[in-house]
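Q: Sequence first, predicted coordinates after that:
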6 protein chains.
Amino acid sequence: MNNEQLTVNNVELTHFNEQGRAKMVDVSGKAKTARAAVAWGTVALSAETFALVRDGKMEKGDVLAVAQVAGILGAKRTAELIPMCHPVGLTAVDISFALDENTHSIGVKATAKCVGETGVEMEALTAVSVAALTVYDMCKSAQRDIVIGEIKLISKSGGKSGDWKREE
Amino acid sequence: MNNEQLTVNNVELTHFNEQGRAKMVDVSGKAKTARAAVAWGTVALSAETFALVRDGKMEKGDVLAVAQVAGILGAKRTAELIPMCHPVGLTAVDISFALDENTHSIGVKATAKCVGETGVEMEALTAVSVAALTVYDMCKSAQRDIVIGEIKLISKSGGKSGDWKREE
Amino acid sequence: MNNEQLTVNNVELTHFNEQGRAKMVDVSGKAKTARAAVAWGTVALSAETFALVRDGKMEKGDVLAVAQVAGILGAKRTAELIPMCHPVGLTAVDISFALDENTHSIGVKATAKCVGETGVEMEALTAVSVAALTVYDMCKSAQRDIVIGEIKLISKSGGKSGDWKREE
Amino acid sequence: MNNEQLTVNNVELTHFNEQGRAKMVDVSGKAKTARAAVAWGTVALSAETFALVRDGKMEKGDVLAVAQVAGILGAKRTAELIPMCHPVGLTAVDISFALDENTHSIGVKATAKCVGETGVEMEALTAVSVAALTVYDMCKSAQRDIVIGEIKLISKSGGKSGDWKREE
Amino acid sequence: MNNEQLTVNNVELTHFNEQGRAKMVDVSGKAKTARAAVAWGTVALSAETFALVRDGKMEKGDVLAVAQVAGILGAKRTAELIPMCHPVGLTAVDISFALDENTHSIGVKATAKCVGETGVEMEALTAVSVAALTVYDMCKSAQRDIVIGEIKLISKSGGKSGDWKREE
Amino acid sequence: MNNEQLTVNNVELTHFNEQGRAKMVDVSGKAKTARAAVAWGTVALSAETFALVRDGKMEKGDVLAVAQVAGILGAKRTAELIPMCHPVGLTAVDISFALDENTHSIGVKATAKCVGETGVEMEALTAVSVAALTVYDMCKSAQRDIVIGEIKLISKSGGKSGDWKREE
């Protein structure tokens, strides 16, 4: 295998070793800096299911409270789930929800932070994914065609590559 | 709290106990039947990143091989990640990928099976989510604005509610 | 070592093998029957901390909602935490809270069920313990001398040893 | 929701975000300092069960040896079990037992240490809880009305809030 | 890829799907039968380290007591560690040690049982591996050139392929 | 118990506390330094099984690609599996395979790195063990008498005890 196959336009996939196999990239020499990442995703519901979640939100034991806890716990399991992720000492995780009455969709926003050698994009994205799956799970008895979508990075800061923000 | 608030149009959220709090629904009395679920999701890449993955696919250690393993392992962690999911003795998990040259997106299809009291939708959806996150992780050094989308159930079979297939 | 040392008054510790070492007891030949267990525990708070939890209980994101989710997830990790426990396919877990205004304590009651070869006492007790520790964690910025206490089995049913209920 | 509801007498619950939901508190800006915590708990046994444990303690494979290992492993799982706990790089965990012949109870003392931004109270308390549950599990074939109690913090050191010791 | 490449002399690797990728083999249609497996491994020590372990074995908290617990817990984690393994409801796990004074090696024997659709070879082998790694860990401050070896299946029973015993 | 029993020829087992029980050794005062460890192991196959793996290696979804991912994930679980291991913030893990046509054996080499208070020998050895077990699992339908062997440390660097390299 020719390693150059893994580079296109000076863009490189860094997860491969000399045998062309995946590895956890060596970050031993990188400085520990403060890092943050914000990710986003949506759960598209029907009007009826949306109303159930929205109203439950005002009560104890609501769907979003469970999704909140699941997402935060999920962020802490990122390195167990995503094979080439480095274990990260998360210093903060927060999740908030945005209920869109027009589209009947629930937006999930997760923020993750650490002081470390690598970024926390995957932790924020995993938090969003697990929170969204939890909303799905708790609503699936009411609706079968729920769709989770638009899971993406919104912004990141820290590290040598500098800050980044998704263009609208 | 009035439990009727949790029912709209005879549609009910079953994850709440008498205090209105979330619980793992009691399935003790349900029969063990053969069940299956198929889920789907996509990872939208740029043309350059897509080419990297596509070409790597032909080689040892490719991105999709790692995502495949991650997704299968992820399916087995579903009940740890999704709070109200029952632990399930999965009897089969399979993941396949569909590379769409036109949209530069990678489709992820996961099938999960069990012989049990509850369905395996969440296991198939979790497999898709973790596989998609792994593709994201392995490509994020090449592209920052990757979007994971359209995570949804395609079909399910088994259980008293019978078979279901998403309408196209 | 003499195995008889492990028997007193015809009461026997069954977790030891022929070398006198701990083992996971063989339940291969036991029938799968419906089993349930109810456990209880308390978290003793000051009047001030108690009020914080009680009032938060009416709101989204309250302490008890987090403890509820943690306890249910904890029940599913029992066999990972308690070395000689058998993995159990839990069919139900429920947790409820009793707030005692007189003693400023929070009671935690957990019910676990399965259809299997072994009981689910440890799953119910683990659910209580993890829920109580979570209440502790979320209140420790307000009070340092919280005490978790009286973690005990309330009742169990199923299995060859029959039903049992703690005497008051 | 009014955030002031979460403050009483200048005492504040810090686990809530702007939506009033739980979050993992941001400790990114805190200095890493040496921290330690000591926790305690008891397992109340009958005279017969106590004798079984006490005598087994002298032998290989005894109950307390299993509880010791379980407690240390449990400490390392704290952030997986307690939703809002930060992952901590534990630098030391030790557990010791005190057998009280008069009350037939087994005392469990756990010490945890780290060099980090947050304390290790929950790690010490989780170690005690898992060790106590393990003693319970290994004795439950001999006695059904075992009670785990008095799980509490004994002392903590390090961090900006300074040292603390429980008053007797 | 030609699937026939994966068959030699009518011997087949069953872990591959139609895309030639690994999958968790479908065992949905297989009957649940009683199964057992016995595995073996050794840890080769120097005379000095061997004596430390052997003598410690007589005491509380010995190396082998820790390895015993680790191996049993490890068996329960098999499906999390070995990607294509099915989750198995283990009904028994036992580990015993054989100290060979002549070779200064510690033999580790693990037995695993279940009533299920698949065998428990991997569970027995994982128990041996984790127990052996634990012995290594607890002895590595005394000796750096320890070797773990001869991890292998001794016998298996149950399942349609019938019983098997390693020839000496 | 006399602690001196745990010392022979000035060689000491450091995993024991004052009660003679196992503990996680206190490394709070040690400096964080760059550390690395390389471990090795082999999987001995028959000529037929070896050919299956070797030829599959050229294809997508091959045995070694799965073992690679499993080994890297396994390294990150070391502190969960080996009771007295400290949690380590791994900064790199890499695995490579050496196929020996003469002996029909597959060599597994794992490198682990961290910047921390303790070494990463156990992480490298666990990576090798889990990768080898995965090869075993994926080949066991073709061959039952596979043997995993010669799991050992090749070299280590960093820490106060200095560098070490196994003599051939």
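A: In hand now; what should we look at?

Q: which ones are touching A:G41?
A: A:G107, A:V108, A:V128, A:S129, A:A131, A:A132, A:I148, A:G149, A:E150, A:I151, A:K152, B:I148 (CB atoms under 8 Å, 6 or more residues apart in numbering or on different chains). Quick note: C-beta positions are derived from backbone N, CA and C, even for glycine.

Q: so what strands line up beside the one helix or strand it maps to?
A: According to DSSP states H and E, A:G41 maps onto strand A:33-44. Next to strand A:33-44 in the sheet, as set by DSSP bridges, lie strand A:105-116 (antiparallel), strand A:147-157 (antiparallel).

Q: Three-state assignment for the residue nearest to A:A70 when sequence neighbours are not counted, please.
A: The shortest distance from A:A70 to any non-neighbouring residue, by CB to CB, 6 or more residues apart in numbering or on different chains, is to A:T134 (4.1 Å). Look at A:T134: counting by DSSP: H, G, I helix; E, B strand; the rest coil, its state is helix.

Q: Now do A:T134: how many residues are near it, please.
A: 31 (other CB atoms under 10 Å in any protein chain shown).

Q: Pretty sure it sits against A:A67.
A: Yes: using CB atoms under 8 Å, A:T134 makes contact with A:A67 at a distance of 4.1 Å.

Q: Of all the residues in chain A, which one is nearest chain F?
A: Of the residues in chain A, the one nearest chain F is A:D26, at a distance of 3.6 Å by CB to the nearest CB.

Q: Pretty sure that residue sits against F:L90.
A: No: taking contacts as CB under 8 Å, A:D26 lies outside contact range of F:L90: 10.1 Å.

Q: Comparing these two, which shows the higher neighbour count?
A: It is F:L90, of A:D26 and F:L90, that has more neighbours when counted by other CB under 10 Å, with 25 against 17.

Q: wouldn't that one be in contact with F:A110 here?
A: No: if you go by CB under 8 Å, F:L90 and F:A110 don't touch, sitting 11.3 Å apart.

Q: shared neighbours, those two?
A: With CB under 8 Å, 6+ apart as the test, F:L90 and F:A110 both reach F:A75.

Q: coming back round to it: who touches both of A:D26 and F:L90?
A: F:K113.

Q: that older thread, pick the most buried one from the strands paired with strand A:33-44.
A: Of the strands paired with strand A:33-44, the one with the most neighbours on average (mean count of other CB atoms under 10 Å in any protein chain shown) is strand A:105-116, at a mean of 24.

Q: same question for that strand, mean pLDDT?
A: Mean per-residue pLDDT for strand A:105-116: 96.

Q: Please name the residues that touch the closest residue in space to A:P83 that isn't next to it in sequence.
A: Of all residues not flanking A:P83 in the chain, F:V69 sits nearest, at 4.8 Å (CB to CB, 6+ apart). For F:V69, the contacting residues are A:A22, A:P83, B:A65, B:V66, B:V69, B:A70, E:P83, by CB under 8 Å, 6+ apart.

Q: any idea which element the residue nearest in space to the middle of chain A lies in?
A: Nearest to the geometric centre of chain A sits A:L125, at 0.9 Å (CA atoms, centre = their mean). Secondary structure from DSSP H and E places A:L125 in helix A:121-139.

Q: can I assume A:L125 is in contact with B:L133?
A: Yes: between A:L125 and B:L133 a contact is recorded at 6.0 Å, counting by CB under 8 Å.

Q: Over to the residue in chain A that chain E sits nearest to: give its phi and psi.
A: Chain E sits closest to A:E80 of chain A, with a gap of 8.5 Å, by CB to the nearest CB. For A:E80, the backbone dihedrals (degrees, to the nearest 10) come out as phi -80, psi -30.

Q: ok, the closest residue to A:T91 other than its chain neighbours - contacts?
A: Counting by CB to CB, 6+ apart, D:S28 is the residue found nearest to A:T91 once chain neighbours are left out, at 4.2 Å. Residues near D:S28 by CB under 8 Å, 6+ apart: A:A34, A:A36, A:T91, A:A92, A:K113, A:C114, A:V115, D:E117.

Q: again, only using 7 Å
A: A:A34, A:T91, A:A92, A:K113, A:V115 (CB atoms under 7 Å, 6 or more residues apart in numbering or on different chains).

Q: before we move on, what about A:E123?
A: A:A75, A:T78, A:V88, A:L90, A:A112.

Q: touching chain C at all, the helix or strand encompassing A:A79?
A: Taking DSSP H and E as the definition, A:A79 sits inside helix A:78-81. No: counting by CB under 7 Å from any CB of the partner chain, chain C is not contacted by helix A:78-81; separation bottoms out at 12.7 Å.

Q: Output stretch A:127-145 as CSV, restricted to C-alpha atoms.
A: Taking Å, rounded to 0.1, in the frame of the first residue of the first chain, the C-alpha atoms of stretch A:127-145 are listed here in CSV:
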residue,chain,number,x,y,z
ALA,A,127,-23.3,13.7,23.5
VAL,A,128,-25.7,15.0,20.8
SER,A,129,-26.0,11.5,19.3
VAL,A,130,-26.8,9.7,22.5
ALA,A,131,-29.2,12.4,23.7
ALA,A,132,-31.0,12.3,20.3
LEU,A,133,-31.1,8.4,20.4
THR,A,134,-32.6,8.7,23.9
VAL,A,135,-35.3,11.1,22.7
TYR,A,136,-36.0,8.6,20.0
ASP,A,137,-36.2,5.7,22.4
MET,A,138,-38.6,7.4,24.7
CYS,A,139,-40.9,8.5,21.9
LYS,A,140,-40.8,5.4,19.7
SER,A,141,-43.9,3.9,21.3
ALA,A,142,-45.8,6.9,20.0
GLN,A,143,-44.2,7.3,16.6
ARG,A,144,-42.1,4.9,14.4
ASP,A,145,-40.8,7.2,11.7
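
Q: and it, which residues are buried?
A: Neighbour-count burial for stretch A:127-145 flags A:127-140, A:142-144 (criterion: 16 or more other CB atoms under 10 Å in any protein chain shown).

Q: which SSE is A:D55 in?
A: With DSSP H and E as the criterion, the answer for A:D55 is helix A:47-56.

Q: could you check the angle helix C:63-76 makes with the helix or strand just after that helix?
A: Note on helix A:47-56: by DSSP H and E, the next helix or strand toward the C-terminus is helix A:63-76. Angle, helix A:63-76 to helix C:63-76, by axes from the mean of the first three to the mean of the last three CA atoms, to 10 degrees: 50 degrees.

Q: and the angle for helix A:63-76 with helix C:121-139?
A: 90 degrees.

Q: the inter-axis angle of helix A:63-76 versus helix A:47-56?
A: Going by the same axes, to 10 degrees, helix A:63-76 makes 90 degrees with helix A:47-56.

Q: gap between helix A:63-76 and the chain center?
A: Computed by CA atoms, centre = their mean, to the nearest Å, the chain-centroid distance of helix A:63-76 equals 12 Å.

Q: quick one: average pLDDT of that helix?
A: Computed over helix A:63-76, the average pLDDT equals 96.

Q: Let's see it as CSV, backbone CA atoms only.
A: Extracted C-alpha coordinates of helix A:63-76, given in CSV (Å, rounded to 0.1, in the frame of the first residue of the first chain):
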residue,chain,number,x,y,z
VAL,A,63,-38.1,13.0,28.1
LEU,A,64,-35.5,15.8,27.8
ALA,A,65,-34.3,15.3,31.4
VAL,A,66,-33.5,11.7,30.6
ALA,A,67,-31.9,12.7,27.3
GLN,A,68,-29.8,15.3,29.1
VAL,A,69,-28.3,12.8,31.5
ALA,A,70,-27.8,10.2,28.8
GLY,A,71,-26.0,12.7,26.6
ILE,A,72,-23.6,13.8,29.4
LEU,A,73,-22.9,10.2,30.3
GLY,A,74,-22.4,9.4,26.6
ALA,A,75,-19.8,12.1,26.2
LYS,A,76,-17.8,10.4,28.9
